[in-house]
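K.L.:
have a look at this prediction, sequence included:
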Amino acid sequence: MGIYLAALILLSFLLWIKSIFHRHRLTLLKSLKRVTNMTSETDGADVTALLVTAHPDDECMFFAPTVIRLVELKARVHVLCLSEGNYYNQGARRKQELLDSCAVLGIPASRVTITDHKNLPDDPKAEWSVSLVSSVIAKHIRALSVNMVLTFDGRGVSGHANHTAIYKAVSHLAITGQIPDDCCLLSLVTVGLLRKYISFLELPLSWLLPSCLCCIVGSEGFRQAKAAMLCHRSQLLWFRYLYISLSRYMYINTFQLIPQGPKNLKIY
Ligand SMILES: [Zn+2]
């Protein structure tokens, strides 16, 4: 009797996940309209998104569901990667891996920028300057007429100092009113360890908890995200395979809006 009950509960849970996935497909465009200034009713062609990451592989390891969904909706997605990922002196190789991974996710090389600034090293112990990072990001927002910036939140998913430095820089731009009026800033929600490693089973929680944007992919999107991860061959140690199999970020991204202060605020 007990085993039948357990099977029934499991089946109901999986059906719930499936129904959330289908509802998400219907509501994603509405959520995008709420957070951006896009007017299109049919797709996201009005959206020019800038994904700001710290290292080659962040784009697929953490943001793949979002990139896949945005590209599918015909949004222009640009990637700004602030380091070559040169911690083990593999910078040149990792640059190419990033371009390959972006191509798998649907982002052409012309929309990928990798900065190689000596003061922005790939190093968890290095403290990236808020003013330097924010000036690089602001320059890209203006040059590309970006209306949506996506990046890490204050916990940086993995807690890497380079990830959190980007959040600090974007928050600085937001607070000091240096973001164009029509540009929204979104930070990727960091979840706790248990939620992080239960793969798509975490979906109901992400769906029920408040967020301003939720991007979910199914098995097809997962395969695309996995293929992008496999482009980063220099990083493919055993625990990466474990990450691919268990991480909820391979299926689900949720975002919060980074609040913006008054425009053109002068700081004395
Ligand atoms: Zn990283």
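P.N.:
Received the coordinates, thanks. Owing to the predicted nature of the structure, the values given are computational and were not obtained by experimental measurement.
K.L.:
from here on, contacts and neighbour counts on C-alpha atoms
P.N.:
Noted.
K.L.:
what's the helix or strand for the residue in the stretch 151-268 of the chain that the ion sits nearest to?
P.N.:
Residue of the stretch 151-268 of the chain nearest the ion, by CA to the ion: His163 (6.2 Å). Assigned by DSSP states H and E, His163 belongs to helix 161-175.
K.L.:
show me how far that helix is from its chain's centre.
P.N.:
For helix 161-175, the separation from the chain centroid amounts to 14 Å (computed by CA atoms, centre = their mean, to the nearest Å).
K.L.:
next: stretch 185-194.
P.N.:
Worked out by CA atoms, centre = their mean, stretch 185-194 lies 9 Å from the chain centre.
K.L.:
which residues does that stretch contact?
P.N.:
Stretch 185-194 is contacted from outside by 148-153, 155-158, 167, 170, 253-259, using CA atoms under 8 Å, 6 or more residues apart in numbering.
K.L.:
and those residues, which of them are in helices?
P.N.:
Counted as lying in helices by DSSP state H, out of the contacts of stretch 185-194, are Gly156, Val157, Ser158, Tyr167, Val170.
K.L.:
just the buried residues out of those residues, in PyMOL syntax.
P.N.:
Restricted to buried positions by 16 or more other CA atoms under 10 Å, the PyMOL selection for the ones in helices among the contacts of stretch 185-194 reads:
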select buried, resi 156+157+167+170
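K.L.:
list just the nearest of the ones in helices among the contacts of stretch 185-194 to Arg223.
P.N.:
Among the ones in helices among the contacts of stretch 185-194, Val157 lies closest to Arg223 (CA to CA), at 21.5 Å.
K.L.:
residues in contact with the closest one?
P.N.:
So Val157 contacts Phe62, Leu188, Val189, Thr190, Val191 (CA under 8 Å, 6+ apart).
K.L.:
can you tell me the SS state at the closest residue to the first one other than its chain neighbours?
P.N.:
Taking CA to CA, 6 or more residues apart in numbering, and ignoring the residues beside it in sequence, Phe62 has Tyr249 as its nearest neighbour in space, at 5.3 Å. Here Tyr249 takes the helix state, with states given by DSSP: H, G, I helix; E, B strand; the rest coil.
K.L.:
any idea how far Tyr249 is from His22?
P.N.:
Distance, Tyr249 to His22, by CA to CA, to the nearest Å: 18 Å.
K.L.:
so which residues of the stretch 101-250 of the chain form helices?
P.N.:
130-144, 156-159, 161-175, 193-196, 203-208, 219-231, 238-246 (DSSP state H, counting those that start in this stretch).
K.L.:
rebuild those helices as a markdown table, extending it with distance to Ala49 and mean pLDDT.
P.N.:
Output for those, formatted as a markdown table (distance: least, CA to CA, whole Å; pLDDT from 0 to 100):
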| stretch | distance to Ala49 | mean pLDDT |
| --- | --- | --- |
| helix 130-144 | 9 | 97 |
| helix 156-159 | 19 | 96 |
| helix 161-175 | 14 | 97 |
| helix 193-196 | 25 | 96 |
| helix 203-208 | 22 | 96 |
| helix 219-231 | 18 | 97 |
| helix 238-246 | 25 | 96 |
